[in-house]
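*Asks:* just to be clear, the model below is a prediction. Sequence and coordinates:
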Protein chains: 2
Amino acid sequence: MPGTNRQIRLARRPVGNVQPEDWEHVTEAVVPPGEGMFAGRTRLISLDPAMRGWLDDRPSYLPPVGIGEVMRAGSVIEVTASDHPGFRPGDHVVGSFGVQEHVVSDGRGALRIDPSLAPLATHLGALGMSGMTAYFGLLDVGAVKEGETVVISGAAGAVGTIAGQIAKAKGCRVIGIAGSAEKCALLTGELGFDAAIDYRTEDVRKALRTHAPDGIDVYFDNVGGEILDAALTRLAMHARVVVCGAISQYNNETPVQGPSNYLSLLVRRARMEGFVVFDYAPRFAEAAREIAGLIATGRIKLKEHVVKGTVDDFPETLQLLFRGENTGKLILDLT
Amino acid sequence: MPGTNRQIRLARRPVGNVQPEDWEHVTEAVVPPGEGMFAGRTRLISLDPAMRGWLDDRPSYLPPVGIGEVMRAGSVIEVTASDHPGFRPGDHVVGSFGVQEHVVSDGRGALRIDPSLAPLATHLGALGMSGMTAYFGLLDVGAVKEGETVVISGAAGAVGTIAGQIAKAKGCRVIGIAGSAEKCALLTGELGFDAAIDYRTEDVRKALRTHAPDGIDVYFDNVGGEILDAALTRLAMHARVVVCGAISQYNNETPVQGPSNYLSLLVRRARMEGFVVFDYAPRFAEAAREIAGLIATGRIKLKEHVVKGTVDDFPETLQLLFRGENTGKLILDLT
């Protein structure tokens, strides 16, 4: 076990785009696990759009990361030493362990995973929070039914790729919105979406009219802004708009752009509903089983964007999300 | 029966505030009822914020009123002649008969009412579409439960006064938002609201913090705009936002102001849902029975703002709604 633990801590609250100066790169001594605890070495770190929200000092579903605190992040660690009855050296564990090389945990919120069932990255992606978010957002909040038309923004991202493939598996017509021709080709080619719209080059409103002539039954929104507004103009009767995220708005220095077309909720007798995946924790095992089955039968194909590096690469890797340069689940691999 | 039928027709589509020139005042000959039809004389005309939306040429829950057509309006008529088996001379009937003195109808959408049960105006207000809107918006869309905190905007209007009193009858804590000290005094005094906020003189966000310290469970929105945004900042977990209307936005010449704080739907696991009262027509009798019971036991007090005049007074009377000068149900009484 090396003697030092490199960490990324929050130095100050970002305004707009996160700057390198917003982070502090720190080297601490590795701490041995105390009584009833275990220690581990970080293998993979999950990078998620939601991280941007955690940096702002305002009420949300989690408290903001404090100035000087290790940046919050989901990760996979390998246990190196343990005084905890539930975890043994060599175990692989997922949890919210932060952006650091070495971890000490009392086991709260930590979950042992079986690396023989799926690659480690998949435990952060399709079988991790991204997959859980897609599953419960689409099926519980969106309540999709066979034969419905589903539109997904941020469709080439970690959640979007899984949500779209689950919707296909449920017998829906699925249209993805993404930010490049390559991403769109991936969606309609490899991932089986029925149509894809490149929001950087196409008129989204017009394209939705073409691809969803009878309207959108479920709109799964990861982006907010103009694209949310375009989708609202095309809702079918009794449509459900799932508010999963709003990456287009996270770096705003001005107020969030509210959906100007929200009154279509009235005209179309539709609802817009938000959710936080952690609420579904008691049902994660159920969702993971179903997603694992879809992976096994080839109906979910995994898209994982793995960047090899060190924790010092975290700030730059995070930017890929906001520049739309990742495809699928973005992961920093420290091994 | 007089020989002429004065009508208000739509002359052109308004831009922003409706102008006198947007209407055409027409005198036609009275038409006798054809086979299977009945004729009637208009007694009372209902004036509603939704009318503004009907004047715009865009897709909505009803087709727009056509240029040159008699203005759409709910009204109470008294049958003067009939070849229809369901309606006899002397019957009072509510329906969408338009802004005109004399009506001929085939009976579609027409409903005989009993003037001995309630004054005619009440059949347009608490027992009419306003009451139905309050009832189904609050109970079905909002799904209010005893002990919850309910906030209602446009609280001194036709729908708001009924919605607030139904919520009180269901055991909720009820806060109304209205546009004058007099209206607020009415709400907390005569109508039994727990608190009222005068949006013209108070900071609505701060006032909601005071009056709803544990958050809003159901926000019944009649106004949109800044007030919707303020309410969104104060949602309780699993809150329901009922999109009933958005009178603050109806005369906009710019795009509707979308709710900038809509992401609180995510943080608070809340939903925002629209509805159109006509969908509940099969259950109107159920609602009317319950509302009549609440009126009979004094738990709903009626607020009706009756303007005596002729159909020529319709354009100016309609403006009272958009200037916030009515309290309760606005009615033009032709008798």
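*Replies:* Perfect, thanks for sending it. Numbering: from 1, shown residues only, chains lettered A, B, ... in the order given.

*Asks:* A:E78: what secondary structure?
*Replies:* Under DSSP: H, G, I helix; E, B strand; the rest coil, A:E78 falls in the strand class.

*Asks:* beta partners for it?
*Replies:* A:R41, A:H92 (DSSP bridges).

*Asks:* ok, it - contacts?
*Replies:* A:40-41, A:43, A:90-93 (C-beta atoms under 8 Å, 6 or more residues apart in numbering or on different chains). The way it works is simple: take the backbone N, C-alpha and C, and place the C-beta from them, glycine included.

*Asks:* what sits against the nearest residue to A:V204 once chain neighbours are set aside?
*Replies:* Counting by C-beta to C-beta, 6 or more residues apart in numbering or on different chains, A:V204 lies nearest to A:A230, which is 4.2 Å off, once chain neighbours are set aside. Under the criterion of C-beta under 8 Å, 6+ apart, the neighbours of A:A230 are A:204-205, A:208.

*Asks:* out of those residues, which sit inside helices?
*Replies:* Here DSSP state H is the test, and the contacts of A:A230 give A:204-205, A:208 as lying in helices.

*Asks:* and those as JSON lines, adding neighbour count and pLDDT?
*Replies:* Formatted as JSON lines, these follow (neighbours: other C-beta atoms under 10 Å in any protein chain shown; pLDDT from 0 to 100):
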{"residue": "A:V204", "neighbour count": "21", "pLDDT": "98"}
{"residue": "A:R205", "neighbour count": "17", "pLDDT": "98"}
{"residue": "A:L208", "neighbour count": "25", "pLDDT": "98"}
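
*Asks:* ok, stretch A:277-291 near chain B or not?
*Replies:* Yes: judged by C-beta under 8 Å from any C-beta of the partner chain, stretch A:277-291 comes into contact with chain B at A:D279.

*Asks:* show the average pLDDT along that stretch.
*Replies:* Regarding stretch A:277-291, the rounded mean pLDDT is 96.

*Asks:* just the CA trace of it, in PDB.
*Replies:* Presented in PDB, the C-alpha positions along stretch A:277-291 are these (Å, rounded to 0.1, in the frame of the first residue of the first chain):
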ATOM      1  CA  VAL A 277     -32.600   8.000  -8.300                       C
ATOM      2  CA  PHE A 278     -31.600   7.400  -4.700                       C
ATOM      3  CA  ASP A 279     -35.200   7.200  -3.600                       C
ATOM      4  CA  TYR A 280     -35.400   3.900  -5.500                       C
ATOM      5  CA  ALA A 281     -32.600   2.200  -3.600                       C
ATOM      6  CA  PRO A 282     -34.900  -0.500  -2.200                       C
ATOM      7  CA  ARG A 283     -35.600  -1.600  -5.800                       C
ATOM      8  CA  PHE A 284     -32.100  -1.300  -7.200                       C
ATOM      9  CA  ALA A 285     -31.600  -5.100  -7.100                       C
ATOM     10  CA  GLU A 286     -34.800  -5.600  -9.100                       C
ATOM     11  CA  ALA A 287     -33.600  -3.100 -11.800                       C
ATOM     12  CA  ALA A 288     -30.100  -4.500 -11.900                       C
ATOM     13  CA  ARG A 289     -31.500  -8.000 -12.500                       C
ATOM     14  CA  GLU A 290     -33.600  -6.800 -15.400                       C
ATOM     15  CA  ILE A 291     -30.900  -4.700 -16.900                       C
END
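
*Asks:* Throw the ones in helices among the contacts of A:A230 into TSV and include distance to A:V31, thanks.
*Replies:* Putting those into TSV (distance: C-beta to C-beta, whole Å) gives the following:
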residue	distance to A:V31
A:V204	50
A:R205	54
A:L208	53
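
*Asks:* and of these, the nearest to chain B?
*Replies:* Using C-beta to the nearest C-beta, A:R205 is the member of these that sits closest to chain B, with 13.3 Å.

*Asks:* nearest residue to the closest one other than its sequence neighbours?
*Replies:* Looking at A:R205 with C-beta to C-beta, 6+ apart, the closest residue is A:A230, at 4.3 Å.

*Asks:* report the secondary structure state of that neighbour.
*Replies:* helix.

*Asks:* that one and B:M129, how far apart?
*Replies:* Noted for A:A230: a distance of 32 Å to B:M129, by C-beta to C-beta, to the nearest Å.

*Asks:* contacts only, for the residue nearest in space to the middle of chain A.
*Replies:* Centroid-nearest residue in chain A: A:S130, 4.3 Å away (criterion: C-alpha atoms, centre = their mean). Going by C-beta under 8 Å, 6+ apart, A:S130 touches A:46, A:48, A:124, A:158-159, A:162, A:329.
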